[in-house]
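**Student:** Give me a model of this one.
(chains A and B)
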Protein chains: 2
Amino acid sequence: MVGQQQVADAAATAARRVPVPPAKPLLRTVGANLMEVFFPDDPFRAVARDQGGGRRALAALRYVFPFLEWLPSYTLGELWADVVAGVTVASLAVPQGISYAKLADLPPIMGLYSSFVPALVYAAMGSSRELAVGTTAVGSLLFAAMLGEEAPPGEKPELYAALAFTATFFAGALQAGLGVLRLGFVVDLLSHAAIVGFMGGAATVVCLQQLKGMLGLRHFTTSTDVVAVVRSVVTQSHLGQWQSVVLGGAILFFLLLVRFIGKRKPRLFLLSAAAPLMSVIFGSLLVYLVHGENHGIQVIGALKKGINPPSARDLLLSSPHTAVALKTGIITGIIGLAEGIAVGRSFAMLKNYNVDGNKEMVAFGLMNIVGSCTSCYLTTGPFSRSAVNSNAGSRTAMSNAVMAAAVALTLLFLTPLFHYTPLVVLSAIIISAMLGVLDFGAAARLWRVDKIDFCVCVGAYLGVVFGSIQIGLAIAVGISILRILLFAARPKTTVLGKIPSSTNFRRMDQYTAAQAVPGLLVLRIDSPIYFTNASYLRERIMRWISYEEDRIKAEGLESLKCLVLDMGAVAGMDTSGTKMLEDLKKNLDRSGVQIALANPGSEIMRKLDKSDVLGLIGDEWIFLTVGEACDYAQRTCKIGIGMDVVECVAVVDPEDMV
Amino acid sequence: MVGQQQVADAAATAARRVPVPPAKPLLRTVGANLMEVFFPDDPFRAVARDQGGGRRALAALRYVFPFLEWLPSYTLGELWADVVAGVTVASLAVPQGISYAKLADLPPIMGLYSSFVPALVYAAMGSSRELAVGTTAVGSLLFAAMLGEEAPPGEKPELYAALAFTATFFAGALQAGLGVLRLGFVVDLLSHAAIVGFMGGAATVVCLQQLKGMLGLRHFTTSTDVVAVVRSVVTQSHLGQWQSVVLGGAILFFLLLVRFIGKRKPRLFLLSAAAPLMSVIFGSLLVYLVHGENHGIQVIGALKKGINPPSARDLLLSSPHTAVALKTGIITGIIGLAEGIAVGRSFAMLKNYNVDGNKEMVAFGLMNIVGSCTSCYLTTGPFSRSAVNSNAGSRTAMSNAVMAAAVALTLLFLTPLFHYTPLVVLSAIIISAMLGVLDFGAAARLWRVDKIDFCVCVGAYLGVVFGSIQIGLAIAVGISILRILLFAARPKTTVLGKIPSSTNFRRMDQYTAAQAVPGLLVLRIDSPIYFTNASYLRERIMRWISYEEDRIKAEGLESLKCLVLDMGAVAGMDTSGTKMLEDLKKNLDRSGVQIALANPGSEIMRKLDKSDVLGLIGDEWIFLTVGEACDYAQRTCKIGIGMDVVECVAVVDPEDMV
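**Tutor:** Here you go, the predicted structure:
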């Protein structure tokens, strides 16, 4: 036992040295880094675990088509649950699909097409159990705003539809491409706050646009900003027929009432899920019975029977209009991804399973590519529909297949029933949906927790509402990137003090008990040191020192002998970082201040060693803990060892002279 | 004493609680943050220190015009030193100015103009004592490449010159604007490695371009890439006159020899500084004496006498060509800043004083704005010239004024002497200067210390050499930004273990002695948690846990009871970050793993408190140190307290249903 104790003691002493890690093979380091960047979720782990070629191939196939995983053990009970969920979602999908297609200035039938084929693709490739596929209001609005400029849908409906398919194709290609290249983190570059603001702004704009349908106006602005819309409404010479206004108001009231009830009594959620369909049936019946179409109530009119016609030939992959379609596809593709991935992840987290974001992107991408060839426009996994799906008890992606089947039946047999559906009902459905998206609670939470996030949110909102949907998006992206750059360019440095009767050092601005160590300044750097922040950090550290020297002078304390840098939080370093430390060391030498590093990580130690900065600072000034650094510095500086000031020899390399 | 001890003990116990900081007034927080972002160097400290309105005004004036600071105490000795340095620099500036103007396809005399007025402006406004103002090879090359496309200098010399002035004006406006708005950190977004590669590539391209002058070729490619140049040289039907080639070779050999000698014996630096002027004098004399201009040696020809004519009227601020000038101005302005600021900072560091980057930017900006109105083109503080200035012993910015005076004298009286200067001598001067910029040593250091930096450097180099100077720049900027995003999107998480016989926890991959604590997983997050990395971090942490559970199962250890997150290095958090912790807590609750936070910073505590995540995790699971967290977790989990698993209640908010 004694021998063991001695060995342990020796090991403990050795353990308190900060080691320079041995060089690792370059390829392995590169491999590990690439793995961390592109496969942080280690998606092939399940595949790699299986032994044998055949089983691995099967596992890989299962990886690509998740339905192969659940189908073999699929039970009748699960099927029943999925059928209930699928039919419930379909009852929402049909009126919503028609409404959103109108919003996108596309033929209403395309909204139904878009709930059929893409849902089947997702059922085969998607890994979320709750996500329900469909079009979104924001995507539809973006299509109308961005493509409408190139090809006014009223004048050139064929070109407009072709552009919509093309944009959908590009959106799908982008989504699938990002997924295959494992670049899913691009989606994370849009901050949550920016999305809340942007979505809220879009919802506001969509509601305002519906004033046209609700008030039965004939002339209406094509701009989306609030000023133009309000002016357009106010200067209107005559309102539409009162019948239309009354019907719309009544339906909207009904929808809002049902939502309010559903909110209070979660058990009645089926009612609120079915309310849009009920409104459509009621409105259509009413118009049919009283011949409302002759009394100023605009109706959908004839819809073609039959499922999706092919549209691959309509894609404009090399025409003068391709650029606009590409731009629209990129923007809507990213926004669609952001919503779909967030929805998939949220529900997966709620039900305690994992979805692979990059794999989902491939599923979304294929869904849109196939959709663009079968008369569909941009689809994703909208939150509203997925919530209904989940609440109705969906167990697998099969519910999407059921919904697709129900929509297909509608397309084949029931489209004539929508002939008399009043447009004002669709407007009411859209408004009621959009009022749910306007999340004032979320904005209030942002204000409480993080003022900057709140500003981002409000900026994006105002940009959309007073500018245009593109301006709002640009503001959201711009502020998000600016925030990343600020985090990168202005890392935190804090002064540490000793917590009494312990060896811990903590931030002095946080712990009032923390005490400064006489003659020492302990600074903590909370960031990797690299090119964006290296010169800032050098200047900031020098400023801390000059503040400290002012304080020392003012209070007549012992002069500053040593700067201890707590490197524990410095996760990485590049050559600008090593240069920064070298410069700092030389600077401090000139003013007779020693420098000590505490707890540098292995990558830092390797880089300091390779760049010879370690030799410059001296091995003996590297410590495991801040406490040890301070002890050593106090002892050494008192007896005057190690404090010989290096004279500055300012020789410019003559090679640099010309 | 005993009483004091008790008080200290009580204080120590209290000190071990992690406090939620009191709310601070919003305006003060905003103010402090803005101060940190825009005035990290606290530039007005000297001004604010002074008491009284008059003295403050004087201090502010001194801040804007640094020469007011040193002029009152300027001694004759300093004047003498500055005169020596200024004349030395002028002897380099005259031939270099003419050479670079040729490189920019501008009249040679503009190179002299550009060393006169801008140098005077900098003498008044600049704060560096060593920086010498002048044109650069890279800036000249960029002007030729970017403006030459719009207005071929051979065909439309007036338009080309006007574009050059306009681009210079925009560059100056950008520089001054960035400085005034305190956005100096924009320059830091170009990494050092990218600049080394870009500059090296530009130097290579410039050398290749000089083959035309050196070999006396008449037909030459206008592309800058190495393939086009080599093809152009190889397919040349006849070389120029042998006289030209021999003279050029001899001068180049002389210049390289002098530089080699100067490198070996630093005392002879004056020789290498004066070598270009000596070459010009020797070459001109030779041509004059043997009438070389009649034997195939091209000469500069007639130069106008007189100082800078005004050019403010030539600025094309609203013409079809303005866009190109603006683009050129922005790119060259940023590159000029990057070089000038780096030079100023390096020398200031060497001599142990501070330059304010943002103030320098304003000086550079005004220098270029004034220059653009006085027939100058883009100037900055080139490294070569500043090194000569420093080595020649400059003491203040007065040396720039002396240089300006010397150049003005040349312009007024000596321009006829340059009539017979052979172009081949100018080419030799440029090549010799550019070979000094090609810094293979720096590239080798990058490879040794940081492989990614090396790749960035090589990428920028190859982009310039095989693509174009713009492509190289785009690659450099692109890789730099990608690197920032990767740092932001993929922070490090590491497993910590206990260092035996201590309370310290350190990275297990770095310290072999560190030991895992049974039943616990200690993870350290090395980054602020915000929108770019929140979902990555959640997934990565879950992956660590699943790895750990696999290991526990394989080795038959005690099951995982608690996850301890070391939050010491988490410098900031936004609402995505608090959401991430909330999600993580809910996830872990479902698998019966407790979560504990160690050493969260005050901002983190405030945000966790505001977002109610603190309540969710529980106050008692927040600790000052990892050690205390582990102790508590071990004790609590063994006796089964605090481990009640929260059941997942997956109710979707019906408000979200539509």
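
**Student:** For burial, what's the neighbour tally of A:F253?
**Tutor:** 12 (other CB atoms under 10 Å in any protein chain shown). All C-beta atoms are positioned from the backbone trio N, CA, C, and that covers glycine.

**Student:** repeat for A:V180
**Tutor:** That count, for A:V180 with other CB under 10 Å as the rule, works out to 13.

**Student:** Which SSE is immediately downstream of the helix or strand where A:V495 lies?
**Tutor:** Assigned by DSSP states H and E, A:V495 belongs to strand A:493-498. Remark: after strand A:493-498, the chain's next helix or strand is strand A:505-507, criterion DSSP H and E.

**Student:** and stretch A:412-425, what's its mean pLDDT?
**Tutor:** The average of the pLDDT scores along stretch A:412-425 is 86.

**Student:** Please parse chain A into its domains.
**Tutor:** Following automatic domain parsing, chain A resolves into domains at A:77-439, A:491-651.

**Student:** Check the separation of the first and last residues in the first one.
**Tutor:** Counting by CA to CA, to the nearest Å, you get 36 Å between the two ends of domain A:77-439.

**Student:** what bits of the stretch 51-200 of chain A have low per-residue confidence?
**Tutor:** Residues of the stretch 51-200 of chain A that meet the criterion pLDDT under 70 lie in A:51.

**Student:** Chain B contacts on that one?
**Tutor:** A:L92, A:Q96, A:F185, A:D188, A:L189, A:L190, A:S191, A:H192, A:A193 (CB under 8 Å from any CB of the partner chain).

**Student:** same check, this time on the stretch 301-450 of chain A
**Tutor:** Checking the stretch 301-450 of chain A against chain B by CB under 8 Å from any CB, the hits are A:345, A:349-352, A:354, A:357, A:383-385, A:387-388, A:390-391, A:432-433, A:436, A:445-446, A:448-450.

**Student:** Out of those, which sit inside helices?
**Tutor:** Secondary structure from DSSP state H places A:345, A:349-350, A:357, A:383-385, A:387-388, A:390-391, A:432-433, A:436, A:445-446, A:448-449 of these in helices.

**Student:** got a list of what A:P19 touches?
**Tutor:** By CB atoms under 8 Å, 6 or more residues apart in numbering or on different chains, the contact set of A:P19 is A:S602, A:M605, B:Q510, B:Y511.

**Student:** So of these, which two are at opposite extremes in space?
**Tutor:** A:M605 and B:Y511 (11.2 Å; CB to CB).

**Student:** Of the two, give the one with the bigger neighbour count.
**Tutor:** The neighbour comparison of A:M605 against B:Y511 (other CB under 10 Å) goes to B:Y511, with 23 against 20.

**Student:** if I look at the more buried one, how far off is chain A?
**Tutor:** Separation of B:Y511 from chain A (CB to the nearest CB, to the nearest Å): 6 Å.

**Student:** who are the neighbours in contact with the closest residue to A:G301 other than its chain neighbours?
**Tutor:** Nearest residue to A:G301, sequence neighbours excluded (CB to CB, 6 or more residues apart in numbering or on different chains): A:H419, at 6.3 Å. Going by CB under 8 Å, 6+ apart, A:H419 touches A:S284, A:V299, A:I300, A:G301, A:A302, A:L303.

**Student:** where's A:V258, which helix or strand?
**Tutor:** Counting by DSSP H and E, A:V258 is part of helix A:242-264.

**Student:** export that helix as CSV, just CAs?
**Tutor:** The C-alpha coordinates for helix A:242-264 follow below in CSV (Å, rounded to 0.1, in the frame of the first residue of the first chain):
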residue,chain,number,x,y,z
TRP,A,242,-71.6,43.8,-47.8
GLN,A,243,-72.5,40.1,-48.1
SER,A,244,-68.8,39.2,-48.6
VAL,A,245,-67.6,41.3,-45.7
VAL,A,246,-70.2,39.8,-43.4
LEU,A,247,-69.5,36.2,-44.4
GLY,A,248,-65.7,36.8,-44.0
GLY,A,249,-66.2,38.4,-40.6
ALA,A,250,-68.4,35.6,-39.4
ILE,A,251,-66.0,32.9,-40.5
LEU,A,252,-63.0,34.7,-39.0
PHE,A,253,-64.9,35.1,-35.7
PHE,A,254,-65.8,31.4,-35.7
LEU,A,255,-62.2,30.3,-36.4
LEU,A,256,-60.7,32.6,-33.7
LEU,A,257,-63.4,31.4,-31.2
VAL,A,258,-62.6,27.8,-31.9
ARG,A,259,-58.9,28.4,-31.5
PHE,A,260,-59.5,30.2,-28.2
ILE,A,261,-61.6,27.3,-27.0
GLY,A,262,-59.0,24.7,-28.2
LYS,A,263,-56.4,26.7,-26.3
ARG,A,264,-58.4,26.5,-23.1
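
**Student:** other SSEs contacting it?
**Tutor:** Other elements packing on helix A:242-264 under the criterion 3 or more CB pairs under 8 Å, 6 or more residues apart in numbering or on different chains; DSSP states H and E are helix A:192-215, helix A:269-290, helix A:423-437.

**Student:** Adding mean neighbour count as columns, could you present those helices in CSV?
**Tutor:** Below are those laid out as CSV (neighbours: other CB atoms under 10 Å in any protein chain shown):
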stretch, mean neighbour count
helix A:192-215, 24
helix A:269-290, 19
helix A:423-437, 26
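
**Student:** Can I get the ones you listed in JSON lines including distance to B:N308?
**Tutor:** Shown next, in JSON lines, are these (distance: least, CB to CB, whole Å):
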{"stretch": "helix A:192-215", "distance to B:N308": "50"}
{"stretch": "helix A:269-290", "distance to B:N308": "75"}
{"stretch": "helix A:423-437", "distance to B:N308": "62"}
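
**Student:** Can you show me the strands along chain A?
**Tutor:** Here chain A has its strands, by DSSP state E, at A:493-498, A:505-507, A:520-525, A:562-566, A:594-598, A:622-623.

**Student:** of the ones you listed, which approaches B:R313 most closely?
**Tutor:** Closest among those, using CB to CB: strand A:493-498, at 50.3 Å.

**Student:** returning to that earlier point: chain B: which of the strands of chain A is closest?
**Tutor:** Closest to chain B of the strands of chain A, according to CB to the nearest CB: strand A:505-507, at 6.5 Å.

**Student:** quick one: average pLDDT of that closest one?
**Tutor:** Here the average pLDDT along strand A:505-507 is 87.

**Student:** in it, what's buried?
**Tutor:** A:F505, A:R506, A:R507 (16 or more other CB atoms under 10 Å in any protein chain shown).

**Student:** Redo the residues you listed as CSV? Include distance to A:G154.
**Tutor:** Formatted as CSV, those follow (distance: CB to CB, whole Å):
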residue, distance to A:G154
A:F505, 70
A:R506, 67
A:R507, 63
